[in-house]
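> Build me a model:
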Amino acid sequence: MDELHEIVTSLIEKTLGMGFGELGPDTELNAAGLTSLRMVELMTELEERLSIEFPDEMIEPGTFRTARSLTAALRPLVP
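Residues are numbered from 1 along each chain as shown. Sure, this is the predicted structure:
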């Protein structure tokens, strides 16, 4: 795992109230408890931690399907 994926995974786990290492890279986040309210919370945490801003076109369910899909979507935004 690279640093970006580790950051994304740890923030997802924090947002969902999971323990460290509980979330697999391909775990479906909806099934793990990611609601629209928690998605907004996660976006805010990611924007602050990574100093980025989510473009409107990225704010859709496919981006937040798994930790792997979210990391891949964020990679071009991270300096």
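> wait, isn't Leu29 in contact with Phe64?
Yes - using CB atoms under 8 Å, Leu29 is in contact with Phe64, at 5.7 Å. (Each C-beta comes from the backbone N, C-alpha and C, glycine too.)
> can you list residues touching both of these two?
Leu70 (CB atoms under 8 Å, 6 or more residues apart in numbering).
> dump the residue contacts of the residue nearest to Leu50 when sequence neighbours are not counted.
The spatial neighbour of Leu50 that comes closest, neighbours along the chain excluded (CB to CB, 6 or more residues apart in numbering), is Val78 at 5.5 Å. Under the criterion of CB under 8 Å, 6+ apart, the contact list for Val78 reads Leu4, Leu50, Ile52.
> State the pLDDT value of Val78.
Confidence at Val78, expressed as pLDDT, is 94.
> Against Thr71, how distant is it?
Separation of Val78 from Thr71 (CB to CB, to the nearest Å): 10 Å.
> okay, and the common contacts of these two?
Listed contacts common to Val78 and Thr71 are Leu4; contacts here mean CB under 8 Å, 6+ apart.
> can you give me phi and psi for the residue nearest to Leu50?
Val78 has phi and psi values of phi -90, psi 120 when expressed as degrees, to the nearest 10.
> next one: Met18
Here is the backbone geometry of Met18 (degrees, to the nearest 10): phi -90, psi 160.
> Many thanks, have a good one.
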